[in-house]
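Chemist: attaching a predicted model along with its sequence, questions to come.
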Amino acid sequence: MARALTIEPKLHVPASSFTPYFVAMDKKTLRFDAFFLEEIDTHGLEKQRIHKVRIFYHLVDHTISVIEPRQENSGVPQGALIRRHRIPKPHCSEESYTFSDFNIGAEVTFYGKVFHIINCDGFTRAFLSGQGLSVPAPEESPRDAIVDKLETKRGRQIRGPARRLEDDKLFRFLQNDKKVLRFYCVWDDRAAMYGDRHLYTLCYFLTDDTVKVTKTHEGVSWNKRDPFGMLLRREKLPCPNAPGTFYTDADLRVGETISVFGRDFMPYDCDEFTRAYYIEKFEFEQGKISIAEPEPAKPVFEIPPHNGVGSEEDSMGNVKSLNPKPPKRDMRKMIEKERDILRFLARLESSSPDDESRRFVVAVYVVDDTVQINEHHERNPGFDSMGHRFLQRSRVHAPDGKRYTARDFCIGARVVINSHAFTLLKADEFSLKYMEEHYDQFPVGDMSHIEEKVREAFAGSSLYDTFHKADQDKNGWLSPNEFMEAIRETGVLHHVNEHELVTVMRTFDRNSDGRIDYEEFVQAVGGKRAVGLSDAAWEATEDLLCHLNDVLEGKEDLLQNALAARDENDEGVLPIRDIQDAFLEVGISLKDTDATLLERGFTVPEGSGVIWSELLRAMLGSDSLPPAA
């Protein structure tokens, strides 16, 4: 027998752009509403039963599926009647149904069941109309006589005054099944021994007025205590104030106490369904109460003082853990800083005259902040002074209990060790250099920090005039004694300590010849460079100085004498016009633009003139240009 050839109808696809059929029809489904009749032989009243179904036609592969919507308590199996596949036509098994076989009013036969199509959705109607098919108006769904009869009978029973609906358990079950009032409660049991606060959920079932109480494990940390979930199984909750009565929905209010067999539960919130139920039935809105309490203050962990047995780290292991472990040491720090020792010469503060001349060497080990003190040996002191050990290397504490670190030791500092007060007088060269190199750990060696403190101390005053007055020979240099005397007169000692002054003197005594360039110090502190002068302007100034140095070859002494002659009061400062006249006297014409550069670069902080000695040294190459402020 020859195999029949199935010819599927062609779809009208626009020819403007090619799209594969499976792409164009992917996820496109035609939906039809239909019904079929089922003959009933075993029921005396019902002869036929109408089944309403939905037929889905999938355009991508021309498959069909039939689904009967489920009805509650129908008593018959419903759902998927025919799974998705191609359904052959009854008269020819080789030919399958296509979308042209479906339309409103048409009948299709699937495996012996005749389905009558009565309606379709909007997409299906538009699709069929686009394919040239006429789609009739929807038909009405037939009524099932037995269903109408039962509904009529049920209506007469409901309207009968035989009994109250509120007392009908079946009616309450049908009306309130799966409707539960949910309250969130807190039980405060802290009055009892080992009591605590507990969170529970109280569920009130409207079908039979029963109550169930369960533990709420989510929420705050203090609620996570017991793993038991059920406190009260579902049952009616007796009311303690009226024996023989039980709690109803009218008795449950947020904020009012509920007695659950001797336990006082306080509802503090409810869900949205419960809130809407009370508004609809009782015209009362349930509120919400905050049960949050301030967190109790955490106990302060106080570390007991060291008893002197063993090291502090080893003893601290017994404080932090029941099974102490050996303290871990920073081996890298031990290797890198094992030989970094800061040594200071100290004086013992004592009321005894014999202790006035005693000196001690305080050695501070940076690697572990331990301190060792030896008495400094002096020749013929009048008593035995052979450099005996005053304090063995150990960690020492201040009178307030804080442990001393290397940062606490500097020149001029006063340290109290084991009830003995020491004043640090000097430091060796290694200690001074180490503290200057590690200025991030030792602020007394940070020159920028010291300059800032001095700048704040001299806000609005003339620091240059003070040092210039102390400079007897007006050469721009001060001896250490002169510098310290000038510093004392200015009152800077109230803002900086002795070690910071030592750092200043070491910084500006570049040649280590005992002379301090106070003009450079004034420039660094007061900012000799004009505000807003760009780096390009300083480069231009440097080029100008180099040019003037070349032009002045052999005339340096003449220019210096001309400048000194105009400085009648030996102030070291001249107006820019006098400086131009001095240059003109030696045969050099200084333009106004060049004079402006020199004035902005070498003016005093107060802006009242130009420091001609500094200008001359920079021009002759004996000193560099002033750094940027």
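Modeler: Good, I have the coordinates.
Chemist: low pLDDT regions in the stretch 101-250 of the chain?
Modeler: 154-167, 218-227 (pLDDT under 70).
Chemist: the nearest residue in space to K149 that is not next to it in sequence: how many residues sit nearby?
Modeler: Spatial nearest neighbour of K149, chain neighbours left out: L45 (7.7 Å); criterion: Cβ to Cβ, 6 or more residues apart in numbering. Every residue, glycine included, has its C-beta placed from N, CA and C. L45 has 9 neighbouring residues, counting by other Cβ atoms under 10 Å.
Chemist: F36 versus L45, what's the distance?
Modeler: In this view, L45 and F36 are 20 Å apart by Cβ to Cβ, to the nearest Å.
Chemist: and if you look at S357?
Modeler: Taking Cβ to Cβ, one finds S357 at 125 Å from F36.
Chemist: more crowded one of these two?
Modeler: F36 (20 against 12).
Chemist: hang on, isn't the more buried one packed against G112?
Modeler: No: counting by Cβ atoms under 8 Å, G112 is not a contact partner of F36; they are 10.1 Å apart.
Chemist: so how far is G587 from G255?
Modeler: 103 Å.
Chemist: for M193, same thing?
Modeler: Per Cβ to Cβ, M193 is found 108 Å from G587.
Chemist: looking only at neighbour counts, state which of the two leads.
Modeler: Per other Cβ under 10 Å, whichever of M193 and G587 has more neighbours is G587, with 11 against 6.
Chemist: near the nearest residue to G412 once chain neighbours are set aside, how many residues? Count them for me, please.
Modeler: Among residues not flanking G412 along the chain, E498 sits closest, at 3.3 Å (Cβ to Cβ, 6+ apart). Applying other Cβ under 10 Å, we find 17 residues neighbouring E498.
Chemist: check what pLDDT E498 gets.
Modeler: Note for E498: predicted pLDDT of 82.
Chemist: repeat for H397
Modeler: 87.
Chemist: who's in contact with it?
Modeler: By Cβ atoms under 8 Å, 6 or more residues apart in numbering, H397 lies in contact with R403, Y404.
Chemist: show me the beta-bridge partners of it.
Modeler: R403 (DSSP bridges).
Chemist: from T245, how far out is the closest residue in space to I258 that isn't next to it in sequence?
Modeler: Leaving aside its sequence neighbours, I258 sits nearest to F265 (Cβ to Cβ, 6+ apart; 4.7 Å). Per Cβ to Cβ, F265 is found 18 Å from T245.
Chemist: same deal with H376?
Modeler: H376 is 97 Å from T245, by Cβ to Cβ.
Chemist: who's more crowded, the two?
Modeler: H376 (15 against 12).
Chemist: which residue packs closest to the more buried one, ignoring adjacent ones?
Modeler: Using Cβ to Cβ, 6+ apart, the closest residue to H376 is R359 (4.0 Å).
Chemist: am I right that that neighbour is in contact with F344?
Modeler: No: look at R359 against F344 with Cβ under 8 Å: they stay out of range, at 10.5 Å.
Chemist: now the element after the helix or strand where R172 lies, going C-ward?
Modeler: For R172, the host element (DSSP states H and E) is helix 169-176. Using DSSP H and E, the next helix or strand after helix 169-176 towards the C-terminus is strand 180-188.
Chemist: any idea of the mean pLDDT in stretch 438-453?
Modeler: Mean predicted confidence for stretch 438-453 is 82.
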